[in-house]
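S.K.: heads up, no residue letters with this:
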């Protein structure tokens, strides 16, 4: 995989997660609390070439 493909995958998965969570966390704090609920297939729990698990692991670590 060349750097351009890697950057695209990381921008989509990791940067996308960060952009989502920073707004969700701000809204949750502003409203006094809450929970972030993600749904995923089993692919969200194991490493596969295109990582949907980034969302679950990222949410767990930033939660």
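M.R.: That came in fine, so what should we check first? None of the values given here were measured: they were computed from a predicted structure.

S.K.: Give me the distance between residue 23 and residue 5.
M.R.: 27 Å (C-beta to C-beta, to the nearest Å). (Each C-beta comes from the backbone N, C-alpha and C, glycine too.)

S.K.: What of residue 12?
M.R.: For residue 12, the distance to residue 5 - C-beta to C-beta - is 11 Å.

S.K.: Give me the more crowded residue out of those two.
M.R.: residue 12 (13 against 9; other C-beta atoms under 10 Å).

S.K.: Tell me who's in contact with that one.
M.R.: Residue 12 makes no contacts at all, as judged by C-beta atoms under 8 Å, 6 or more residues apart in numbering.

S.K.: repeat for residue 16
M.R.: For residue 16, counting by C-beta under 8 Å, 6+ apart, there are no contacting residues.

S.K.: now residue 19
M.R.: Counted by C-beta under 8 Å, 6+ apart, residue 19 has zero contacts.

S.K.: Please, which helix or strand holds it?
M.R.: Using DSSP states H and E, residue 19 falls within helix 16-30.

S.K.: Now do the buried residues in that helix.
M.R.: Buried residues in helix 16-30, counted by 16 or more other C-beta atoms under 10 Å: 17, 21.

S.K.: could you give me the average pLDDT of it?
M.R.: Helix 16-30 comes out with an average pLDDT of 87.

S.K.: now stretch 37-49
M.R.: 64.

S.K.: One more: stretch 1-10?
M.R.: On average, stretch 1-10 scores 87.

S.K.: Distance check, residue 31 against residue 19.
M.R.: 19 Å.
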